[in-house]
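Trainee: structure for this input, please:
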Amino acid sequence: MGKTILIVDEDIELCNALGIYLTRKGFETTVALNGQEAVSKTEKNSSDIILSGTLLKDMNGLDLLRHIKQKCPEIEVIMMTEQGDSDSGIKSLQCKASDFIFKPINNDALDIAITRAQNRISLNLKLKDNLEKIETLHKNSIAYQQLFDEVPCYISIQDKKFRLTETNRLFKQDFGHDVGSYCYKVYKHRTEPCLNCPVQDTFRDGKPHHTEEIVTSKSGEQYNVFTWTSPIRDASGKIIQVMEVSTNITQIRKLQDHLSALGLLMGSMSHGMRGLLTGMDGGLYSLEIGLKNDNRKKIEDAAKVLKEVAGRIKKMVLDILYYTKERKLNIQRVNLLKFSNDLADAVRAKAMQHDVKFICKFDNCTGEFAIDPDSLHPALINILDNAIDACLDDKSDDKIHEVVLETKVEDNFVVFIITDNGPGIDTETREKMFTLFFTSKGYRGTGLGLFVTNQVVRQHGGSIKVESTPGQGSCFTIKLPKIQPGVND
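Mentor: Predicted coordinates for the structure are as follows:
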């Protein structure tokens with residue numbers, strides 16, 4: 001490195017003397033007596049260092065310096081100026097010469113200038129190598145960033161305080177761009193770190209850890225995610241950050257839950273059907289006895305039992321069909337008063353049969369609203385049926401039981417209020433009543449009715465509010481938008 005030197009000067013004796021001296025120093029030297037010869041030799045076999053005079057026969061030494069630096073900028077040039085000509089020396093430095101020395105040549109000054117030139121050559125080579133490494137690193141960084149962003153997982157880099165230092169595109173899309181925020185705040189809206197945190201475990205033992213969590217997106221939607229963590233170490237092996245990779249498995253969990261629910265549904269169905277078949281056997285037996293003995297009362301009682309059992313079987317089948325196959329709403333414009341009267345007509349006979357007073361309040365019940373009547377009608381009938389059943393389950397002797405159906409319009413909403421004065425609902429039942437397969441009716445219920453009702457109301461963009469006081473009764477308030485998206489006013 002820096003071992004070949006081209007000596008350029010019109011003084012051949014100076015060139016030979018310098019050649020002998022530098023050869024003894026271990027350098028390979030060649031000589032050129034003018035500028036053109038120097039250019040030619042440089043083009044054929046580039047030297048590491050050029051030692052040139054400022055006064056040449058065919059050109060100025062500074063012109064040669066400029067030409068060399070333009071064509072071969074990696075060559076270091078040392079200018080030899082005439083004694084006292086510091087102006088030429090300064091100009092040569094301005095033209096990117098590595099150094100200049102005065103004639104006659106002082107060996108020590110020459111050695112120092114050559115050493116400086118060698119150091120510059122070494123530094124430039126290192127700089128070139130580093131630039132190439134930086135360019136390669138930059139290309140790799142772009143490739144890794146693209147991979148980081150395009151992986152269909154949530155990726156975050158976290159420090160020891162669980163702050164997000166980097167996140168990928170999908171993470172930003174679903175959870176925001178809050179780099180610097182705490183993971184547990186972004187993921188779970190918590191104010192303190194999660195228990196059994198896999199990131200904390202990886203910081204502690206340096207090993208990968210995994211867990212399954214439920215996280216909440218910036219839109220409020222909950223996702224099931226399967227999470228792996230891995231340590232990120234510095235050159236000394238110290239863990240400085242942890243990478244967390246989370247895969248969204250929500251659809252898989254929904255499918256598993258659905259399949260599990262279908263299994264429970266079959267068990268619940270079998271149990272419920274057994275009770276219904278028992279009731280049907282009893283009804284048929286009574287019917288046979290009545291027919292055999294020509295007992296009209298026995299026949300009428302048997303018919304009531306069979307009718308009730310048939311109604312319960314029909315309701316169970318409809319609930320099962322709704323649950324097992326999600327259906328799209330068939331939105332129609334429906335007259336609100338007529339719809340309310342249809343609801344009342346559907347349950348009035350049952351209420352009268354069991355001496356439950358049925359009251360309708362349809363004073364503020366005008367105009368039309370947009371619904372799927374085939375799904376909303378049975379959903380609301382289910383709540384009315386439950387209200388009547390609640391009155392039948394009330395063992396109070398001094399109470400006249402009643403169920404009230406009120407329909408009214410509030411701004412852009414239609415509100416159905418169903419009230420009973422039965423035994424009321426305790427807090428635990430209220431919290432679980434819309435849960436799949438939960439029932440408080442024993443063998444008489446499948447645990448599908450209120451679950452399906454809630455699903456239908458929510459599908460319409462509505463809500464159900466339940467208020468109840470044990471011993472005094474319950475109130476269900478169903479609030480629905482008058483207009484559904486895509487339906488003209």
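Trainee: every contact and neighbour count from this point should use C-alpha atoms.
Mentor: Noted.
Trainee: spatially central residue for this structure, please.
Mentor: Nearest to the mean C-alpha position of the chain, by Cα atoms, centre = their mean, lies residue 174 at 3.8 Å.
Trainee: ok, and what's touching the helix or strand hosting that one?
Mentor: Assessed by DSSP states H and E, residue 174 sits inside helix 169-175. For helix 169-175, contacts defined as Cα atoms under 8 Å, 6 or more residues apart in numbering pick out 149-150, 152-156, 178, 186-187, 217-219.
Trainee: low-confidence regions, the stretch 1-150 of the chain specifically.
Mentor: 1-2, 138, 141, 143 (pLDDT under 70).
Trainee: kindly recompute the last result at 90.
Mentor: Scanning the stretch 1-150 of the chain for pLDDT under 90 picks out the ranges 1-3, 42-47, 54-61, 71-74, 82-89, 118, 120-150.
Trainee: same check on the stretch 301-450 of the chain?
Mentor: 301-331, 342-355, 363-367, 372-379, 381-382, 385-386, 389-390, 392-400, 411-412, 423-450.
Trainee: all helices of it, in order?
Mentor: Remark: helices assigned in the stretch 301-450 of the chain by DSSP state H, counting those that start in this stretch are 336-353, 373-393, 427-432, 449-459.
Trainee: among those helices, which is nearest residue 55?
Mentor: Ranking the helices of the stretch 301-450 of the chain by proximity to residue 55 (Cα to Cα) places helix 449-459 first, at 94.8 Å.
Trainee: can you check what angle separates the closest one from helix 373-393?
Mentor: 140 degrees (axes from the mean of the first three to the mean of the last three Cα atoms, to 10 degrees).
Trainee: helices and strands around helix 449-459, which ones?
Mentor: helix 296-324, helix 373-393, strand 463-469 (3 or more Cα pairs under 8 Å, 6 or more residues apart in numbering; DSSP states H and E).
Trainee: out of the ones you listed, deepest packed?
Mentor: Neighbour counts (mean count of other Cα atoms under 10 Å) averaged over each of the helices and strands packed on helix 449-459 peak at helix 373-393, with a mean of 19.
Trainee: distance from that one to the middle of the chain?
Mentor: 40 Å (Cα atoms, centre = their mean, to the nearest Å).
Trainee: got the CA coordinates for that helix in PDB?
Mentor: Only the C-alpha atoms of helix 373-393 are listed here, as PDB (Å, rounded to 0.1, in the frame of the first residue of the first chain):
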ATOM      1  CA  PRO A 373     -89.600  -8.100  10.100                       C
ATOM      2  CA  ASP A 374     -88.900 -11.900   9.600                       C
ATOM      3  CA  SER A 375     -86.100 -11.700  12.200                       C
ATOM      4  CA  LEU A 376     -87.100  -8.800  14.400                       C
ATOM      5  CA  HIS A 377     -90.700 -10.000  15.000                       C
ATOM      6  CA  PRO A 378     -89.700 -13.400  16.600                       C
ATOM      7  CA  ALA A 379     -86.900 -11.700  18.500                       C
ATOM      8  CA  LEU A 380     -89.300  -9.300  20.200                       C
ATOM      9  CA  ILE A 381     -91.900 -12.000  20.700                       C
ATOM     10  CA  ASN A 382     -89.200 -13.900  22.600                       C
ATOM     11  CA  ILE A 383     -88.900 -11.100  25.100                       C
ATOM     12  CA  LEU A 384     -92.700 -10.800  25.400                       C
ATOM     13  CA  ASP A 385     -92.900 -14.600  25.900                       C
ATOM     14  CA  ASN A 386     -90.300 -14.400  28.700                       C
ATOM     15  CA  ALA A 387     -92.200 -11.600  30.300                       C
ATOM     16  CA  ILE A 388     -95.400 -13.700  30.500                       C
ATOM     17  CA  ASP A 389     -93.400 -16.700  31.700                       C
ATOM     18  CA  ALA A 390     -91.900 -14.500  34.400                       C
ATOM     19  CA  CYS A 391     -95.400 -13.600  35.600                       C
ATOM     20  CA  LEU A 392     -96.300 -17.300  35.600                       C
ATOM     21  CA  ASP A 393     -93.200 -18.100  37.700                       C
END
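Trainee: angle of it against helix 336-353?
Mentor: 30 degrees.
Trainee: other SSEs contacting helix 373-393?
Mentor: Under the contact criterion of 3+ Cα pairs under 8 Å, 6+ apart, helix 373-393 touches helix 336-353, strand 402-410, strand 413-420, helix 449-459.
Trainee: nearest to residue 53, of the ones you listed?
Mentor: Of all the helices and strands packed on helix 373-393, helix 449-459 comes closest under Cα to Cα, at 92.4 Å.
Trainee: for residue 35, see how far away the closest residue to residue 79 other than its chain neighbours is.
Mentor: Setting aside the residues directly before and after it, residue 79 is nearest to residue 100 in space (Cα to Cα, 6 or more residues apart in numbering), at 4.5 Å. Applying Cα to Cα, to the nearest Å, the value for residue 100 to residue 35 is 18 Å.
Trainee: just give me the longest strand of the chain.
Mentor: As assigned by DSSP state E, the longest strand anywhere in the chain is strand 222-233.
Trainee: can you dump the C-alpha coordinates of that strand into PDB?
Mentor: Extracted in PDB, the C-alpha atoms of strand 222-233 (Å, rounded to 0.1, in the frame of the first residue of the first chain):
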ATOM      1  CA  GLN A 222     -60.900  -7.200  20.200                       C
ATOM      2  CA  TYR A 223     -58.500  -9.700  18.600                       C
ATOM      3  CA  ASN A 224     -57.200 -13.000  19.700                       C
ATOM      4  CA  VAL A 225     -53.400 -13.100  19.100                       C
ATOM      5  CA  PHE A 226     -50.700 -15.700  19.600                       C
ATOM      6  CA  THR A 227     -47.500 -14.000  20.600                       C
ATOM      7  CA  TRP A 228     -43.800 -15.000  20.500                       C
ATOM      8  CA  THR A 229     -40.900 -12.900  21.900                       C
ATOM      9  CA  SER A 230     -37.200 -13.000  21.100                       C
ATOM     10  CA  PRO A 231     -34.200 -11.100  22.500                       C
ATOM     11  CA  ILE A 232     -32.300  -8.500  20.600                       C
ATOM     12  CA  ARG A 233     -28.600  -8.300  21.800                       C
END
